[in-house]
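**Student:** dropping the sequence and predicted coords here.
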Amino acid sequence: MLDIKFLRQNPDAVKQNIRNKFQEDKLPLVDEVIELDERSRTTIQEANDLRANRNKISKSIGGLMAQGKRDEAEEMKKLVAEQAQRLAELEAQEKELSERINKIMMVIPNIIDPSVPIGKDDSENVEIERFGEPVVPDFEIPYHTDIMNKFNGVDFESAGRVAGNGFYYLMGDIARLHSAVLSYARDFMIDRGFTYCIPPYMIRSNVVTGVMSFAEMEAMMYKIEGEDLYLIGTSEHSMIGKFIDQIVDEKQLPIALTSYSPCFRKEKGAHGIEERGVYRIHQFEKQEMVVVCKPEESKEWFNKLWKNTVDLFRSLDIPVRTIECCSGDLADLKVKSVDVEAWSPRQKKYFEVGSCSNLGDAQARRLKIRVNGESGKYLAHTLNNTVVAPPRMLIAFLENNLNADGSVNIPKVLQPYMGGKTIIK
């Protein structure tokens, strides 16, 4: 969410940013919020003047009563009563205007970083760099669910009876591999100086609206019926929410956390044939990283975060590349975002396995996450990135470590988490 002062002083810049994100329908909101803001400030000023005048009159009433000027004092009391009625009207207007302004400001997109390429959607995202040599073996690689089925490793039919479409049972070595990847990712991030955390898996609505846009919330979140609680779509939601309404001592920054959680998503809409199986599902598990830092440090942390994911995948012998998200593909709160994509030898192309985002002070402004520094209080910057999400990551892992006989190699770094196994058959 933007600072209202910035919007007031830079309406043209805000409008151009909206155009860069191809959201022209939001352009009228800028002028509307400026007009509402002017009315709000006028209302607040009048209310403040009335309060000051009321205090002044109240003092004079006491003086008049002391002098025996009862009639004059009674007239002053009538004036105070009239002003009290007007003040009540103004306070009601203040509240209404504030709510209308806040509602509009919540949907005006954040200012994107100047380095972000301008483009309409994800088809115009830009490749940055490749890590590792993509390999296509001389034998046919089956679809990932077919590989899993040969290990009796996945059961969609039973899950369908229990929970419906979009759910699954993982079994045997495939389930163990799933857990091994998460455990390895946890230790990988701890070794890089991040504090491990297991957060709440449900959050209140004020946290939801603090960490994401309304459009994202509607498309992703499951609401707990009858309660002010939502199932998290990623642990980033509750991890950033941990700091809601907090004033953090500057000496504590940066705060670097890595968190495990299950994730729950609606995943509405039709998806292509390559997104069946465990690619796009309603429930999965993920290791995440979250950073709260000073504004001047967020760019440096952004680069550190996506490199952590690249390094983890390369340690598992999986080729990856980084993709710069264009303006039209950025969620409204994001300043800049880079996706990490893993190589699929079966498809002979890369697919997304993680996303790194710098949100500037947007989440901190919504959640009132402030820093107490030497020169006063200011809003923190927040960032997040996927370490690994095993269901989707398993696709890349199985395809890149599959042998012609159907067995799967276990990279050296993962072997301690698989009971010393070097291969599964």
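**Tutor:** Happy to help now that I have it. Residues are numbered from 1 along each chain as shown.

**Student:** show me the contacts for Asn401.
**Tutor:** Contact analysis of Asn401 by Cβ atoms under 8 Å, 6 or more residues apart in numbering lists 317, 408-411. In this view, the C-beta of every residue, glycine as well, is placed from N, C-alpha and C.

**Student:** let's see 7 Å
**Tutor:** 317, 408-409 (Cβ atoms under 7 Å, 6 or more residues apart in numbering).

**Student:** then Ser213?
**Tutor:** 331-333.

**Student:** related to what we said a few turns ago, let's see if you can find the most crowded of the contacts of Asn401.
**Tutor:** The most crowded member of those is Val408, carrying 21 neighbours; neighbours defined as other Cβ atoms under 10 Å.

**Student:** so which of the contacts of Ser213 comes closest to Gly376?
**Tutor:** Leu333 (24.7 Å; Cβ to Cβ).

**Student:** my guess is the closest one meets Ala362, correct?
**Tutor:** Yes. Contact status for Leu333 versus Ala362: in contact at 4.3 Å, counting by Cβ atoms under 7 Å.

**Student:** anything in contact with each of those two?
**Tutor:** Common neighbours of Leu333 and Ala362 (Cβ under 7 Å, 6+ apart) are Asn110.

**Student:** neighbour-wise, which of those two wins?
**Tutor:** Per other Cβ under 10 Å, whichever of Leu333 and Ala362 has more neighbours is Ala362, with 26 against 22.

**Student:** phi first, then psi, for that one.
**Tutor:** The phi/psi pair for Ala362 (degrees, to the nearest 10) reads phi -60, psi -50.

**Student:** what of Arg204?
**Tutor:** Torsion angles, degrees, to the nearest 10, at Arg204: phi -80, psi 170.

**Student:** distance check, it against Met220.
**Tutor:** 16 Å (Cβ to Cβ, to the nearest Å).

**Student:** more neighbours: those two, which one.
**Tutor:** The neighbour count for Arg204 versus Met220, taken as other Cβ under 10 Å, is higher for Met220 (21 against 16).

**Student:** that one - nearest residue in space that isn't next to it in sequence?
**Tutor:** Among residues not flanking Met220 along the chain, Gly233 sits closest, at 4.4 Å (Cβ to Cβ, 6 or more residues apart in numbering).

**Student:** what's the single longest helix in the protein?
**Tutor:** If you go by DSSP state H, the chain has its longest helix at helix 27-66.

**Student:** show me how far that one is from its chain's centre.
**Tutor:** Between the centre of helix 27-66 and the centre of its chain there are 38 Å (Cα atoms, centre = their mean, to the nearest Å).

**Student:** counting by contacts, list what it packs against.
**Tutor:** helix 4-9, helix 11-20, helix 70-105 (3 or more Cβ pairs under 7 Å, 6 or more residues apart in numbering; DSSP states H and E).

**Student:** nearest to Asp146, out of those?
**Tutor:** helix 11-20 (43.2 Å).

**Student:** list the buried residues in the closest one.
**Tutor:** 14-15, 17-18, 20 (16 or more other Cβ atoms under 10 Å).

**Student:** stretch 365-382 now?
**Tutor:** 365-367, 369-371, 379-382.

**Student:** for stretch 299-310, same thing?
**Tutor:** 299, 301-302, 304-310.

**Student:** how distant is that stretch from the center of its chain?
**Tutor:** Stretch 299-310 sits 16 Å away from the centroid of its parent chain (Cα atoms, centre = their mean).

**Student:** contacts for that stretch?
**Tutor:** Contacts of stretch 299-310 (Cβ under 7 Å, 6+ apart): 131, 189, 192, 254, 289, 291, 293, 320, 322, 336, 338, 340, 354, 356, 358, 383, 385-387.

**Student:** which single one of the buried residues of stretch 299-310 is nearest to Val162?
**Tutor:** Nearest to Val162 among the buried residues of stretch 299-310, with distances taken as Cβ to Cβ, is Thr309, at 32.4 Å.

**Student:** can you tell me the element the closest one falls in?
**Tutor:** Thr309 is part of helix 298-315, with elements assigned from DSSP states H and E.

**Student:** chain center to that helix: distance?
**Tutor:** Helix 298-315 has its C-alpha centroid displaced from the chain centroid by 17 Å (Cα atoms, centre = their mean).

**Student:** strands paired with the next helix or strand after that helix, and their directions?
**Tutor:** Next along the chain after helix 298-315, taking DSSP H and E as the criterion, comes strand 320-324. Take DSSP bridges as the rule and strand 320-324 pairs in its sheet with strand 126-131 (antiparallel), strand 336-344 (antiparallel).

**Student:** out of those, which is closest to Pro262?
**Tutor:** Minimum separation from Pro262 across the strands paired with strand 320-324 (Cβ to Cβ) falls at strand 336-344, 21.2 Å.

**Student:** helices or strands up against the next helix or strand after the closest one?
**Tutor:** Using DSSP H and E, the next helix or strand after strand 336-344 towards the C-terminus is strand 349-358. Contact here means 3+ Cβ pairs under 7 Å, 6+ apart; on that basis strand 349-358 packs against helix 298-315, strand 336-344, strand 381-388, helix 390-400.

**Student:** mind exporting strand 349-358 as PDB, just the C-alpha atoms?
**Tutor:** Taking Å, rounded to 0.1, in the frame of the first residue of the first chain, the C-alpha atoms of strand 349-358 are listed here in PDB:
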ATOM      1  CA  LYS A 349      11.800 -26.700 -20.900                       C
ATOM      2  CA  TYR A 350      11.900 -25.000 -17.500                       C
ATOM      3  CA  PHE A 351       9.000 -24.700 -15.100                       C
ATOM      4  CA  GLU A 352       8.500 -22.600 -12.000                       C
ATOM      5  CA  VAL A 353       9.500 -24.000  -8.600                       C
ATOM      6  CA  GLY A 354       9.900 -20.900  -6.500                       C
ATOM      7  CA  SER A 355       9.300 -17.100  -6.400                       C
ATOM      8  CA  CYS A 356      11.300 -14.400  -4.700                       C
ATOM      9  CA  SER A 357       9.700 -11.000  -3.900                       C
ATOM     10  CA  ASN A 358      10.600  -7.700  -2.500                       C
END
